[in-house]
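Participant: Give me coordinates for this.
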Amino acid sequence: MKELGKQTVLVALGGNAILQPKQEATFQNQYENVKTSCEFLAKLVKNGYNLVVTHGNGPQVGTILRQNEEASHVVPPMPLDVCSAESQGFIAYMMQQALYNELTKLGLKKNVVSIVTRTEVAKNDPAFSNPDKPIGVFYSEEEAKKLSEEKNWVVAEDAGRGWRRVVPSPAPLNIVESESIVDLIDAGHIVISCGGGGIPVVKKEDGTYEGVEAVIDKDRSGCKLAEQIKADIFVILTDVENVYVNYGKENQKALTHVSLEELEGYIAEGQFSAGSMGPKIEAAQKFAQQGGTSIICALNKADLALEGKSGTRISK
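Facilitator: Purely as a prediction, here's the structure:
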C-alpha cells in the first residue's frame with residue numbers, strides 16, 4: 001500500500017531517452033537507451049518517492065506510420081490513434097521490463113504497471129482547423145502533394161528538411177484513466193502511463209469516446225495528469241541540466257530556483273523557443289500555478305534535482 005508521507009513525482013521522459021538523434025531505430029538500440037533511463041528512475045524509487053512515468057513517442061509512431069504506408073498494399077493501414085496506442089504499448093513494455101529489472105538489482109520489491117492511456121480533447125479545439133504538428137517520414141514536395149490528394153492529408157514543409165504530414169495538436173482536457181492511475185499509486189505500484197501525450201479521443205453526446213487523428217504534446221498531457229493525480233512534483237527530463245536565458249549568448253545564464261513572477265518576465269522577453277524549451281516551460285508554469293513544484297533537468301541529474309542540487313525549479 002501507499003506509504004504515508006511519500007511524495008508523488010510525475011516524470012516526463014523526452015524522446016532522447018528512448019532514441020538518440022541519428023540512431024537507427026532498432027529494438028536493441030531503443031531498449032539500451034531505456035535501460036539507461038531506468039537506472040536513473042530507479043534511484044528516485046530508492047530515495048522514497050512514489051513514481052509515475054510518462055514518455056514521448058515521436059520517432060516510434062513515425063516508424064509505425066511508415067510501416068503502415070510501406071505495407072498498405074498488403075495489410076490495411078491503421079488510423080493515427082491506433083498507431084499511437086501501438087507505440088504506447090511497446091515503449092511501455094520496454095520501460096516496464098527495464099525498470100523492474102533495475103529495482104530488482106537494488107533489492108526493491110515493486111510492481112511496475114503500464115496502462116494504455118486516453119487523453120480527452122475538445123472536438124471544436126482550434127487545432128483541428130490548423131494542423132501544424134509534423135509526424136512520420138519526410139517526402140519530396142511532389143510526393144507530399146500527391147499523398148495529400150490521395151489520402152486527404154494536410155502536408156507542409158518542415159524547417160527546410162523536406163515535406164511531412166501535419167496533424168492537429170489539441171489541448172488535453174482530461175486524462176481518462178487518471179482515477180485508475182491513482183488507485184495503482186495508492187496500491188504502491190509504479191505506473192507508466194500517458195505515453196506520447198495519450199491517445200487522443202473526443203467525448204460524444206452519449207458519453208462514449210471515439211479516437212481522432214491528432215497528436216497531443218506530451219509535456220502538456222504530463223501537466224494535466226500531474227494535476228489530476230495530485231502529484232507533488234512534476235519533473236520534465238531533457239538533455240540539458242538547466243533552463244537558460246540568453247541561450248547561446250555571452251550573457252547566457254542558467255536558471256536554478258525561479259518564482260512564477262520571474263518566469264513570466266522571461267516569457268514576456270521571448271526567452272524560450274517555441275520549438276524546443278517553450279512547451280516545457282508552458283507545462284511547468286501551469287503546474288506551478290496550481291501550487292505544485294515543477295523541475296526541468298537532465299535525466300542523469302534527476303535525483304540531485306529533487307534534492308535541489310541541480311536543474312531548474314519553478315514554484316510560487
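Participant: Tell me the pLDDT of the residue most central in space within the chain.
Facilitator: Among the residues of the chain, residue 218 comes closest to the average C-alpha position under CA atoms, centre = their mean, at 3.1 Å. Confidence at residue 218, expressed as pLDDT, is 92.
Participant: Repeat that for residue 209.
Facilitator: Looking at residue 209, its pLDDT is 98.
Participant: Can you report phi and psi for it?
Facilitator: Dihedral pair for residue 209: phi -110, psi 150, per degrees, to the nearest 10.
Participant: Which helix or which strand is home to the residue nearest to it when sequence neighbours are not counted?
Facilitator: Among residues not flanking residue 209 along the chain, residue 201 sits closest, at 4.3 Å (CB to CB, 6 or more residues apart in numbering). C-betas here are computed from N, CA, C, even on glycine. Assessed by DSSP states H and E, residue 201 sits inside strand 199-203.
Participant: Now do the same for that strand: mean pLDDT, whole number.
Facilitator: 97.
Participant: What residues of the very next helix or strand once past that strand count as buried?
Facilitator: Reading on from strand 199-203 to the C-terminus, the next helix or strand found by DSSP H and E is strand 209-211. Using 16 or more other CB atoms under 10 Å as the test for burial, strand 209-211 gives residue 211.
Participant: Which strands and helices lie in contact with strand 209-211?
Facilitator: strand 199-203 (3 or more CB pairs under 8 Å, 6 or more residues apart in numbering; DSSP states H and E).
Participant: Contacts for the strand it packs on, please.
Facilitator: For strand 199-203, contacts defined as CB atoms under 8 Å, 6 or more residues apart in numbering pick out 81, 84-85, 88, 116-123, 170, 176, 209-212, 214-216.
Participant: ditto for stretch 211-220
Facilitator: By CB under 8 Å, 6+ apart, stretch 211-220 touches 12, 54-57, 61, 79-82, 84, 119, 121, 123, 127-128, 133, 135, 167-172, 194-202, 236, 279-280, 282-284.
Participant: can you give me how far that stretch is from the chain middle?
Facilitator: 10 Å (CA atoms, centre = their mean, to the nearest Å).
Participant: Over to it now: how far is its first residue from its last?
Facilitator: With CA to CA, to the nearest Å as the measure, stretch 211-220 spans 19 Å from end to end.
Participant: can you check stretch 224-237 too?
Facilitator: 17 Å.
Participant: Mind listing what's buried along it?
Facilitator: 224, 225, 226, 227, 228, 229, 231, 233, 234, 235, 236, 237.
Participant: Show the contacting residues for the third one.
Facilitator: This means residue 226. Per CB under 8 Å, 6+ apart, neighbours of residue 226: 10, 234, 287, 292.
Participant: Burial check on the closest residue to residue 240 other than its chain neighbours, number of neighbours?
Facilitator: Nearest residue to residue 240, sequence neighbours excluded (CB to CB, 6+ apart): residue 298, at 6.2 Å. Using other CB atoms under 10 Å, residue 298 is surrounded by 17 other residues.
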